[in-house]
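# take this sequence and fold it.
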Amino acid sequence: MTSADGSAGDPAVADADFDRLVALVRTLLDVPTALVSLVGPDEQVFPGAVGLPLPWQVLRRTPLSHSFCQYVRQSAQPLVVGDARQVEVLADNGAVGDLGVIAYCGVPLLGPDGEVVGAVCAIDGRPREWTDTDIAVLTQIAGLAASELRLRAATRDADAARRAAEQAGEQNRLLLRFAETLADAVTLPDVAAAVTAAATEVLGTVRSYLGLVDPRTRRLHLVPPAARPGDETPAWPSLPLGTDHPPTAALATGRAVLLPDAATTLARFPAAASAAGGPAPFEASAHLPLPVAGDLPGTLSLVWDTPRAFTPTEEGLVLALARYTAQAVARAVLLAEQESVATTLQRALLGELPAPPGLELAARYLPSSAGAQVGGDWWDAFEDSAGATVLVIGDVTGHDVRAAATMGQLRSMLRGFAYESGEPPAHAVDRLDAAVAGLRVGALATAVVARVDPGDDGGRVLSWSNAGHPPPLLRSPDGTVEVLASTPDLLVGLDPARPRATHSTRLAPGSTVLLYSDGLVERRRTDLDSGIARLAEALAGDDAGSLDDLLDRLLAGVPGSTDDDVALLAVRVSPVP
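As a prediction, this is how the structure comes out:
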């Protein structure tokens, strides 16, 4: 049996991360039950489960006599069933009577080694026709769940190595130092910097180079850490695969290349002198392949400025550093993949921008650096039934999968309410407030809902309602920026009985309106008003390029590690010819 952390054992306990994923499935597919199922020889267990009848929701396990997911694991293909009672092999399955499974849609869940270990599934208690979109959503969620399993397995391996190092003497103390230094590296540049620090402290190297293979160009790119005073240009900044150099030799053979001095290096690899532009600017060096999941994605090169005889102990330390570096590289790649899948899911929830005549629109979404890389910020833009352009920016409390699920609900409801033509934006927010209370969504959110209607002389009229959100900014054609400040109404979800106001202003041709979430302007130790003032100043400096260029410029000032999501939506009235 494979558990939720990728290890053998008994995983039949609720797992908060997988529970959040299946809650997202239930919201997006509108089903009563959703599961992350791990299938073993005799039973299936549910680290993620929502909507199962008692006692199964508490037990988090069933025998295979009650399992549809076993067929997904056996076939390694999605299983789509509209009515299980009409399928001979499923009609007598215990899940139909005991768990109320009538309609079932499940996709394979891959374990850390790439094998199918279970399924992510959606279940309905009545017949249902599943769509391609339903299968696509489940496939995306299964990708997130698989990334979590692989990440936990990689973390487990690192933890096991760290515990083993703690049980030995001086050599293991040094190995522990390697593990500790690399444990917090979450990106490839982090890994390059961490391995340099570890090798310098423990092995006395003067430089270290992390080499990564680019499969498109079939070149090994050696990426040194950030330059320091006195550092020289690396001897091998980039090498085609198959050339006769120490790093590519290590990559080709899968074995360490240990060179005690410069003379030995140039005798064995004459091309190293031409690559360096003369004699090798170092003495001893070690070039180590980095095996990750059976592949060889790169090398680690360590350089000393004095000759060195590699004793068995030193060789063991060098090889251990390569293993830790390989684990760190694998972890960084997994984190990048997980962020990519999650961000793709978030962007799928956001949708596409319309292209109304006479208006230019652009939008951006930047996830926070914490959590699951998805969150509650959103933008929306569409044309209502009368042809007016509706703009929405919103922020659900939180920046995790649960917030993203709630955001999807609010966005869909608000879009439906605002589509009705001729109504002021405040009416749509009122209806959303009433729906949140009546349906017991349990959400708190800020939002600005705006409409752009035709005006005089080629201009437009902007009307908006603000539910506790940072105010929009209006840039006039002459470059002045106005903060469309008004007394904001209450957040959505607080008091549906409180009336809301609609405000309006004229938009001259060439005007730009910017809607944004607080992640763009709010930082630790600075207040919101100061952040808005800085944003207004940046907007005033717009060079009349495209809106996409403008948003990229505004986001360029956002730190690479943010505590909150950032959403941006801008509209520009086309100048009169």
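# for stretch 473-491, buried residues please.
473-475, 481, 484, 488-491 (16 or more other C-beta atoms under 10 Å). To be clear about C-beta, it is placed using only N, CA and C from the backbone, and glycine gets the same treatment.
# any idea how far residue 206 is from residue 194?
In this structure, residue 206 and residue 194 are separated by 17 Å, where distance is defined by C-beta to C-beta, to the nearest Å.
# re earlier: need the max-distance pair from the buried residues of stretch 473-491.
For these, with distances taken as C-beta to C-beta, the pair at the greatest spread is 475 and 490 (28.3 Å).
# dump the residue contacts of residue 216.
Residue 216 makes contact with no residue, according to C-beta atoms under 8 Å, 6 or more residues apart in numbering.
# same check on residue 112?
6, 149-150, 152-154.
# from these, which two are the most distant?
With distances taken as C-beta to C-beta, the most widely separated pair in the contacts of residue 112 is 149 and 154, at 9.9 Å.
# ranges for the helices of the stretch 301-450 of the chain?
With DSSP state H, counting those that start in this stretch, the ranges of helices along the stretch 301-450 of the chain come out as 312-350, 401-419, 425-438.
# in JSON lines: those, plus distance to residue 136 and mean neighbour count.
Output for the helices of the stretch 301-450 of the chain, formatted as JSON lines (distance: least, C-beta to C-beta, whole Å; neighbours: other C-beta atoms under 10 Å):
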{"stretch": "helix 312-350", "distance to residue 136": "9", "mean neighbour count": "19"}
{"stretch": "helix 401-419", "distance to residue 136": "15", "mean neighbour count": "21"}
{"stretch": "helix 425-438", "distance to residue 136": "27", "mean neighbour count": "21"}
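# least reliable of those by average pLDDT, please.
Here the lowest mean pLDDT among the helices of the stretch 301-450 of the chain goes to helix 312-350, at a mean of 71.
# settle it for me: which of residue 206 and residue 194 has more neighbours?
Counted by other C-beta atoms under 10 Å, residue 206 and residue 194 do not tie: residue 194 has more neighbours, with 23 against 17.
# quick check: next helix or strand after the helix or strand hosting residue 70?
In this structure, residue 70 sits in helix 69-75 according to DSSP states H and E. Along the chain past helix 69-75, the next helix or strand (assigned with DSSP H and E) turns out to be strand 79-81.
# got the contact list for that next one?
Counting by C-beta under 8 Å, 6+ apart, 68, 71-72, 87, 90, 103-106, 119, 130, 135 sit against strand 79-81.
# please check those and keep the buried ones.
Among the contacts of strand 79-81, the ones that count as buried (16+ other C-beta under 10 Å) are 68, 71-72, 90, 103-106, 119, 130, 135.
# touching, residue 453 and residue 463? I think so.
Yes. Using C-beta atoms under 8 Å, residue 453 makes contact with residue 463 at a distance of 7.2 Å.
# and the strands in the stretch 1-150 of the chain, which stretches?
Taking DSSP state E, counting those that start in this stretch as the criterion, the stretch 1-150 of the chain contains strands spanning 33-39, 43-50, 61-63, 79-81, 103-110, 116-124.
# which one of those lies nearest to residue 328?
Evaluated with C-beta to C-beta, the strands of the stretch 1-150 of the chain place strand 103-110 nearest to residue 328, the distance being 22.2 Å.
# for the record, mean pLDDT for the closest one?
In the prediction, strand 103-110 has an average pLDDT of 96.
# angle of it against strand 116-124?
160 degrees (axes from the mean of the first three to the mean of the last three C-alpha atoms, to 10 degrees).
# from the chain's centre, how far out does strand 103-110 sit?
Per C-alpha atoms, centre = their mean, to the nearest Å, the displacement of strand 103-110 from the mean C-alpha position of its chain is 22 Å.
# same check on stretch 15-27?
Between the centre of stretch 15-27 and the centre of its chain there are 16 Å (C-alpha atoms, centre = their mean).
# check which residues of that stretch are buried.
Those buried within stretch 15-27 under the rule 16+ other C-beta under 10 Å are 15, 17-27.
# buried ones in stretch 118-137, by neighbour count?
Residues of stretch 118-137 classed as buried: 118-124, 128, 130, 134-135, 137 (neighbour count, 16+ other C-beta under 10 Å).
# farthest pair in the residues you listed?
Using C-beta to C-beta, the pair of the buried residues of stretch 118-137 lying farthest apart is 118 and 128, separated by 21.8 Å.
# fine by me, thanks again.
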